[in-house]
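K.L.:
sequence? don't have it. structure:
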């Protein structure tokens, strides 16, 4: 099977998007929209045809391609939590509305994302594919509040990414495995909504994002692998 | 490594408040349907119209609808039984009741949408049944504990059944948009029950047989549909009679240790 690394395509997308790539600030402003988009899914679900879902039919080449897409997001998340928790430390976060340490919960989430990276990597290898590697990220950490808002955006985007990409898996076991991860991303998202004062379940149906929508959302945090010549820039993926 | 969802459910089931007066025993009744068999239960096998292509798909959607009916009726009854003051008396802030009401509204939307979709596809949606939820509503505490069990079961059910929709991209995607919301509910209800919202890095898929066994504790009389493809998968494991439960079905009592696949 031909495996075309996801990051290669991401870079193409980046070029194609040109100056249109959302700024980090804009992305955060969009998090409410991402979290609240379920009304559309309801409308789509109640409508035979699901035209929107059908639009994305050519998005992925094969199962490995889908898994590498997922792995890209998981690497982003794992790196984000790993570095962010180191950067801010425990005291920066305080407690959630139920008096539990937010830092402790974030640590659980980080561990999950790392487990997802590990599992996806080995599954891709088992399938004879090449796991995406060499991604570098720049999160520009500033304060804990912004960190939590970004975390919410990542998790919500992650759920929607899995929901949008699952249809491209052709293997039942892989589909089930993806579902076991998507559910955990949804749990994370639910919690981060709560911590950020947003309803944990803003709609009866999750929003679905296409591959391109997801890439556009995360692109501001990914440093192009070439063209900078600066090895010190950004944080390598976990 | 992974904490089994069954353990959590069993934990809840063992709480006295949610234990009594339940209907148990699930018997396979051929062709992809599971019927509850215990008095005063009336088993009913829904023979879906043997129409062209849709039987498999419709059985999966009806499986989902079977569960959503249970959840929906449970919340409707619970929200009518308890007030925000009852929830606050457990030590929660006033907003918690409203959040639970939101969950109830989501389940109602799932019922409505699944019913519409099944109708649109030419199928016959299962209807709501009669549910054994008095014990679960004996106290606000039991209500919240049972809600947690149902939501976590719901996530596992969707996770396990998604593969039966693999040939239908649109319905698979739609089912996953519900799956995620059930996971959101489960996370929140875990918190209300003093547990981690996300106890494992991977959620656990449940087979229809496992789900039916759990759900049967809450059913007096209801049509229960399971995916036809699941019955086909189980065929080698022959089931005969109500208490000849095969390996995968022992979800109930105490320390059932997990013999099943490591959930991929």
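P.N.:
Yep, that arrived. All values derive from a computational prediction rather than experimental measurement. Numbers count the residues shown, from 1 in each chain, chains lettered A, B, ... in the order given.
K.L.:
can you get me a residue count around residue 114?
P.N.:
Picked chain A for this. Neighbourhood size, residue A:114 [other Cβ atoms under 10 Å in any protein chain shown]: 19. The C-beta positions use only the backbone N, C-alpha and C, and glycine is treated the same way.
K.L.:
wait, I meant chain B there
P.N.:
By the criterion of other Cβ under 10 Å, residue B:114 has 26 neighbours.
K.L.:
try residue A:192
P.N.:
Using other Cβ under 10 Å: residue A:192 sits among 29 other residues.
K.L.:
list the contacts of it.
P.N.:
Applying Cβ atoms under 8 Å, 6 or more residues apart in numbering or on different chains to residue A:192 gives the contacts A:148, A:151-152, A:155-156.
K.L.:
nearest residue to it other than its sequence neighbours?
P.N.:
Leaving aside its chain neighbours, residue A:192 sits nearest to residue A:152 (4.0 Å; criterion: Cβ to Cβ, 6 or more residues apart in numbering or on different chains).
K.L.:
could you list the buried residues of the helix or strand hosting that neighbour?
P.N.:
Element membership of residue A:152 [criterion: DSSP states H and E] is helix A:144-165. Within helix A:144-165, the residues that count as buried by 16 or more other Cβ atoms under 10 Å in any protein chain shown are A:144, A:147-165.
K.L.:
where does chain B have low pLDDT?
P.N.:
Applying pLDDT under 70 to chain B flags the ranges B:1-53, B:234-264.
K.L.:
rerun at 90
P.N.:
Along chain B, segments meeting pLDDT under 90 span B:1-56, B:94, B:229-264.
K.L.:
contacts only, for the residue nearest to residue B:184 when sequence neighbours are not counted.
P.N.:
Excluding its sequence neighbours, the residue lying closest to residue B:184 (Cβ to Cβ, 6+ apart) is residue A:190, at 3.8 Å. Counting by Cβ under 8 Å, 6+ apart, residue A:190 makes contact with A:200-201, B:183-185, B:187-188, B:197.
K.L.:
at 10 Å instead, please
P.N.:
A:152, A:155-156, A:159, A:198-202, B:180-181, B:183-191, B:197-198 (Cβ atoms under 10 Å, 6 or more residues apart in numbering or on different chains).
K.L.:
before we move on, what about residue A:126?
P.N.:
Going by Cβ under 10 Å, 6+ apart, residue A:126 touches no other residue.
K.L.:
how confident is the prediction for it, by pLDDT?
P.N.:
Listed pLDDT for residue A:126 reads 96.
K.L.:
how near is the spatially most central residue of chain A to residue A:211?
P.N.:
In chain A, the C-alpha nearest the mean C-alpha coordinate belongs to residue A:158, at 3.5 Å (Cα atoms, centre = their mean). For residue A:158, the distance to residue A:211 (Cβ to Cβ, to the nearest Å) stands at 13 Å.
K.L.:
tally of neighbours for residue A:173?
P.N.:
Neighbour count of residue A:173, defined by other Cβ under 10 Å: 12.
K.L.:
an error on my part: the question was meant for residue B:83.
P.N.:
Residues near residue B:83, counting by other Cβ under 10 Å, number 12.
K.L.:
is it correct that it is in contact with residue B:97?
P.N.:
Yes - Residue B:83 is in contact with residue B:97 according to Cβ atoms under 10 Å; the separation is 7.2 Å.
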